[in-house]
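K.L.:
Fold the following and give me the result.
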Amino acid sequence: MNHMTKNKTIKKLATMVPPWGIIGAALILLPILAFMTVSDINRQKVGSIHQLLEKGAALIRSFEAGTRAGMMMAQWGNPHLQRLLEETAVQQDIVYLLVVDKKGSVLAHSDPDKIGETHGGDLDLNLVAESRNHLYRLIEKTENRPAIFEVYSKFSPVGGRMGRGHRMMMRHGFEWQADNPWQNSRGEHIIFVGLDMTQVEKARIADMRHSLLMAALLLLAGSAGVILLFMTYSYRITQSTLTMIKSFSDSLVENMPVGLISVNNNGIIIAINPAAVSILKLSGDSIIDKRAAEILPEELNRIFQRLGTASKAIEDEIDCCLSNQKSRPLGVSASAWLDEAGSFMGHIMLVWDLTEIHELRKEIARSQRMAALGSLAAGVAHEIRNPLSSIKGFATYFREQYKDQKQDFETASIMISEVERLNRVVGQLLELARPVELIKKPINLVTLFGNSIALVKTRAEGKSITTTIEATDPELTLFADSDRISQVLLNLYLNAIEAMEKNNGTLSVSARKSLREPGVLISVTDNGAGIRKEDLPHVFDPYFTSKSTGTGLGLAIVHNIVEAHEGSVSATSNPGENTTFTLFFPERKKGSKDA
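P.N.:
Predicted coordinates:
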């Protein structure tokens with residue numbers, strides 16, 4: 001494990017087990033374990049003292065019993081008592097065994113050399129002689145002897161029940177030795193038993209070490225338990241948090257309108273959301289775990305190559321050739337994917353469709369051109385109309401003067417007709433230049449379609465063109481200016497009729513509710529010659545026309561009227577088959593005022 005991995009592990013543990021948790025566990029467990037350990041040590045100490053006291057008391061009782069037994073024998077005296085002391089003190093853990101009088105003079109000692117010395121001078125021997133209990137004291141260790149547990153009490157070999165034995169021995173003719181100092185001993189002497197505490201101390205120290213070791217083990221076990229509890233709690237909290245974050249991130253990635261693609265350092269796709277699949281026209285199956293170079297368009301793979309392992313992001317607009325061989329403008333933002341240590345993990349790319357944005361840019365540019373053209377048209381129309389009125393007046397005068405001369409009459413009539421046509425063009429220019437004024441009201445679309453079709457029905461029948469009206473809802477209404485919408489439909493009808501040179505054509509108009517956004521869709525379709533692909537983006541531009549007699553202003557006026565209704569118009573065409581103009585009018589907003 002390298003230094004970086006160790007640091008990560010320490011950080012992870014520090015996150016799971018906070019320092020205050022460990023300190024709190026120690027503060028809780030230490031007093032409890034300390035109390036238990038001290039109590040156990042004290043209990044062991046009391047047990048050792050009780051054991052030594054019982055042993056000393058047993059020795060004293062045994063020695064008194066031996067003394068009584070010896071007294072029942074003839075010729076019992078001090079030498080016999082001394083010998084009994086020495087033999088009793090032979091046991092390994094007995095340091096000494098002695099008997100003193102109330103003054104502390106040693107009368108008998110397991111070590112004969114110490115007879116006549118004093119012992120227990122620091123005790124109140126009179127009080128000891130009067131007590132009926134076995135007493136004890138601890139004598140500390142010195143250089144010459146070990147620590148001693150000394151048990152002492154009054155020495156009464158002939159007292160109590162021994163008095164009855166003494167009377168029995170007298171009845172049977174036994175006599176005490178004249179110099180026997182114990183025959184009248186009734187609490188006049190004190191016996192001391194000194195016990196070696198070396199083994200007891202060793203056992204006590206071993207027990208103390210064992211208690212401390214058990215306390216340490218319990219502390220470790222308790223701390224480990226508390227830490228484990230914290231880790232379990234932290235793990236559950238972390239797991240819950242991670243689950244929530246994962247659910248949030250998955251929902252965000254799945255539902256975001258921008259495409260997301262993630263590729264690892266081996267060029268394998270590890271994540272892709274539905275938006276990216278839809279934008280790039282990919283198959284939704286078997287994309288994950290495939291190589292990006294095999295699945296993604298070449299333009300996106302080149303961006304991955306440009307990035308390399310650099311952390312700097314790339315933002316660009318590209319024309320991407322999709323699987324259906326159609327080119328689509330895409331916005332791309334890509335960057336390297338690095339972990340906390342800065343190691344390269346792969347790439348992350350965001351893609352979004354710029355088709356609508358490009359269309360909007362074109363629409364803005366067209367609107368700007370239209371605004372400039374409208375201003376110019378207003379000035380030109382004003383300057384042209386006055387001379388046109390004069391020319392039409394003179395032409396009318398000459399036609400009346402030369403009505404008997406056929407050629408001159410026809411020439412004047414042509415002049416009048418051309419002036420009127422030019423006046424209509426000027427009128428269209430003015431209409432294109434000035435703002436569209438609307439008087440909105442609810443319109444039944446089926447009724448509107450019937451009235452507008454009636455205006456061109458005769459012309460359509462003249463070319464054997466069938467007209468049809470389709471509406472998913474007969475009660476479908478539109479909140480708009482009736483005259484302006486009729487003007488829009490009439491322009492579209494006339495263009496469709498002119499496009500259907502062959503007989504047996506079909507002109508249809510339909511209406512339905514929009515499923516994409518609230519509003520109404522109106523479609524005008526014909527099966528005429530159609531519009532060339534290269535001309536389709538320009539059909540709404542002023543003065544653009546493919547007809548020799550057209551002015552190129554009709555569809556521009558249609559666009560202006562629809563735009564004034566806050567709607568949109570678009571055209572689709574299959575040359576030689578059909579053409580459809582689709583008008584979208586948004587739903588009336590709540591609270592809006594009628595014009």
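K.L.:
only C-alpha atoms for contact and neighbour calcs from this point on.
P.N.:
Noted.
K.L.:
mean confidence for stretch 444-459?
P.N.:
Stretch 444-459 carries an average pLDDT of 88.
K.L.:
how far does it sit from the chain's center?
P.N.:
61 Å (C-alpha atoms, centre = their mean, to the nearest Å).
K.L.:
buried stuff in it?
P.N.:
Buried residues in stretch 444-459, defined by neighbour count with 16 or more other C-alpha atoms under 10 Å: Leu445, Val446, Leu448, Phe449, Ser452, Ile453, Val456.
K.L.:
same check, this time on stretch 290-303
P.N.:
Arg291, Ala292, Ile295, Leu296, Pro297, Leu300, Asn301, Ile303.
K.L.:
On the three-state scheme, Ser570 is what?
P.N.:
strand (DSSP: H, G, I helix; E, B strand; the rest coil).
K.L.:
where's it relative to Lys141, distance?
P.N.:
114 Å (C-alpha to C-alpha, to the nearest Å).
K.L.:
The residue at minimal distance from the centre of the chain: helix or strand, and which one exactly?
P.N.:
Centroid-nearest residue in the chain, with C-alpha atoms, centre = their mean: Ile245, separated by 2.4 Å. Assigned by DSSP states H and E, Ile245 belongs to helix 198-255.
K.L.:
Following element in sequence after that helix, please.
P.N.:
Following helix 198-255 toward the C-terminus (DSSP H and E): strand 259-264.
K.L.:
Would you mark the buried spots in the helix or strand following that following strand?
P.N.:
Per DSSP H and E, strand 259-264 leads on to strand 269-272 as the next helix or strand towards the C-terminus. Across strand 269-272, burial judged by 16+ other C-alpha under 10 Å covers Ile269, Ile270, Ile272.
K.L.:
Distance to Glu117 and pLDDT added to these, as CSV?
P.N.:
Below are those laid out as CSV (distance: C-alpha to C-alpha, whole Å; pLDDT from 0 to 100):
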residue, distance to Glu117, pLDDT
Ile269, 104, 87
Ile270, 100, 87
Ile272, 105, 85
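K.L.:
what ranges do the helices span in the stretch 301-450 of the chain?
P.N.:
355-401, 406-433, 445-462 (DSSP state H, counting those that start in this stretch).
K.L.:
give the contact list for His347.
P.N.:
Listed by C-alpha atoms under 8 Å, 6 or more residues apart in numbering, the contact set of His347 reads Ser262, Val263, Asn264, Asn265, Phe304, Ala334, Ser335, Ala336, Trp337.
K.L.:
ugh, typo on my part, it should be Thr447
P.N.:
Residues near Thr447 by C-alpha under 8 Å, 6+ apart: none.
K.L.:
Can I have the buried ones of the contacts of His347 as a PyMOL selection?
P.N.:
In PyMOL, a selection of the buried entries from the contacts of His347 looks like this (16+ other C-alpha under 10 Å):
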select buried, resi 262+263+264+304+334+335+336+337
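K.L.:
The contacts of His347: which two are farthest apart?
P.N.:
Asn265 and Ala334 (14.2 Å; C-alpha to C-alpha).
K.L.:
low pLDDT regions in the stretch 351-500 of the chain?
P.N.:
Residue ranges of the stretch 351-500 of the chain with pLDDT under 70: 370, 373-374, 377-378, 381-382, 428-436.
K.L.:
Which elements pack onto the helix holding Ile245?
P.N.:
Counting contacts by 3 or more C-alpha pairs under 8 Å, 6 or more residues apart in numbering; DSSP states H and E, helix 198-255 is packed against helix 3-16, helix 19-71, helix 274-279.
K.L.:
For the shortest one, give me every contacting residue.
P.N.:
What it means is helix 274-279. Outside helix 274-279, the residues touching it (C-alpha under 8 Å, 6+ apart) are 254-261, 283-284, 351-353.
K.L.:
try it again with 10 Å
P.N.:
253-261, 280-285, 287, 296, 322, 328, 330, 349-353 (C-alpha atoms under 10 Å, 6 or more residues apart in numbering).
K.L.:
hmm, back to that, what would the buried residues of stretch 290-303 look like in a markdown table with distance to Leu29, secondary structure and pLDDT?
P.N.:
Output for the buried residues of stretch 290-303, formatted as a markdown table (distance: C-alpha to C-alpha, whole Å; DSSP: H, G, I helix; E, B strand; the rest coil; pLDDT from 0 to 100):
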| residue | distance to Leu29 | secondary structure | pLDDT |
| --- | --- | --- | --- |
| Arg291 | 58 | strand | 87 |
| Ala292 | 58 | helix | 84 |
| Ile295 | 62 | helix | 83 |
| Leu296 | 62 | coil | 85 |
| Pro297 | 65 | coil | 85 |
| Leu300 | 62 | helix | 85 |
| Asn301 | 62 | helix | 85 |
| Ile303 | 61 | helix | 85 |
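K.L.:
Out of those residues, the closest to Gln405 would be?
P.N.:
For these, the nearest to Gln405 is Pro297 (75.4 Å; C-alpha to C-alpha).
K.L.:
phi, psi of the closest one?
P.N.:
Per-residue torsions, Pro297: phi -60, psi 150 (degrees, to the nearest 10).
K.L.:
my guess is it meets Phe304, correct?
P.N.:
No - the criterion here is C-alpha atoms under 10 Å, and Pro297 misses it with Phe304 at 11.3 Å.
K.L.:
what's the spacing between the nearest residue to Gly121 once chain neighbours are set aside and Thr118?
P.N.:
Take Gly121 and drop its neighbours on the chain: the residue closest to it by C-alpha to C-alpha, 6 or more residues apart in numbering is Gly104, 5.8 Å away. According to C-alpha to C-alpha, Gly104 and Thr118 sit 5 Å apart.
K.L.:
which one of the two has more residues nearby?
P.N.:
Gly104 (20 against 14; other C-alpha atoms under 10 Å).
K.L.:
Identify the residues contacting the more buried one.
P.N.:
Counting by C-alpha under 10 Å, 6+ apart, Gly104 has contacts Gly116, Glu117, Thr118, His119, Gly120, Gly121, Asp122, Leu123, Asp124, Leu125, His189, Ile190.
K.L.:
before we move on, the earlier item: and of the helices of the stretch 301-450 of the chain, who's closest to Tyr233?
P.N.:
That would be helix 355-401 among the helices of the stretch 301-450 of the chain, by C-alpha to C-alpha, at 50.9 Å.
K.L.:
How far away from the center of its chain is that closest one?
P.N.:
63 Å.
K.L.:
wait, Ser570 sits on Glu563?
P.N.:
No - using C-alpha under 10 Å, Ser570 makes no contact with Glu563, being 11.5 Å away.
K.L.:
thinking again about what came up before, out of the buried residues of strand 269-272, who's nearest Glu501?
P.N.:
Closest approach to Glu501 among the buried residues of strand 269-272 (C-alpha to C-alpha): Ile272, at 51.0 Å.
K.L.:
For Trp337, see how far away the closest one is.
P.N.:
Where Trp337 is concerned, Ile272 sits at a distance of 15 Å (C-alpha to C-alpha).
K.L.:
Check Ser240 too.
P.N.:
Counting by C-alpha to C-alpha - Ser240 and Trp337 are separated by 26 Å.
K.L.:
How about Pro112?
P.N.:
Taking C-alpha to C-alpha, one finds Pro112 at 97 Å from Trp337.
K.L.:
repeat for Val38
P.N.:
Note on Val38: its distance to Trp337, by C-alpha to C-alpha, is 60 Å.
K.L.:
Helix or strand next in line after the lowest-mean-pLDDT helix or strand in the chain, which one?
P.N.:
Least confident helix or strand of the chain, by mean pLDDT, DSSP states H and E, is helix 162-171 with a mean of 45. Toward the C-terminal end, the helix or strand that comes next after helix 162-171 (DSSP H and E) is strand 189-196.
K.L.:
re earlier: need the buried residues of strand 269-272 in JSON lines with distance to Asn578, can you?
P.N.:
JSON lines is the format used below for the buried residues of strand 269-272 (distance: C-alpha to C-alpha, whole Å):
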{"residue": "Ile269", "distance to Asn578": "43"}
{"residue": "Ile270", "distance to Asn578": "45"}
{"residue": "Ile272", "distance to Asn578": "39"}
